[in-house]
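Visitor: Please find the sequence and the predicted model below.
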Amino acid sequence: MAWFAEYPREKIEWYPTIDSEKCVKCGMCMNCGQKVYKWTGDVPIVANPYKCVVGCTTCATLCQGKAISFPDKEALRELYKKEGIWAKVKKELTEEGRLEVTD
Ligand code: SF4
Ligand code: SF4
């Protein structure tokens, strides 16, 4: 399935922000498989923000310093609604047979 029914990723403002005052340099954010972060010197930076999986907050959960934050999830849900993304994704899943009930 195309990502969010072809909706352009760059138009979705969902990515982590690091509060450098809180960062304790634990390195847990580097566990992200999407290569969103890059370790530079002795601190992480958000190098590839649009590679972040929309809606994911795993790195914030792991972050020992509670230094990572994300935009409001409700704003994301508003976007899904406004752009008809739920309906488009459901249509694609149906076409792919992934919503069929199998016993
Ligand atoms: S939210 Fe998920 S995908 Fe995004 S940077 Fe964190 S771990 Fe990676
Ligand atoms: S997980 Fe949090 S505290 Fe640890 S290095 Fe990354 S931003 Fe800093």
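Guide: That came in fine, so what should we check first? Ligands and ions are numbered 1, 2, ... in the order given.
Visitor: mind checking which helix or strand of the chain has the lowest mean pLDDT?
Guide: Every helix and strand in the chain was compared by mean pLDDT, DSSP states H and E; the lowest is helix 85-95, with a mean of 90.
Visitor: How far off centre is that one?
Guide: Taking CA atoms, centre = their mean, to the nearest Å, the mean C-alpha location of helix 85-95 is offset from the chain mean by 20 Å.
Visitor: Just checking stretch 58-70 against ligand 2, any contact.
Guide: Yes - for stretch 58-70, a contact with ligand 2 is found by CB under 6 Å from any ligand atom, at 63-65, 67-68. In short, each C-beta sits where N, CA and C put it, glycine included.
Visitor: what's the most distant pair in those residues?
Guide: 64 and 68 (10.3 Å; CB to CB).
Visitor: And those two? Which one has more around it.
Guide: residue 68 (23 against 13; other CB atoms under 10 Å).
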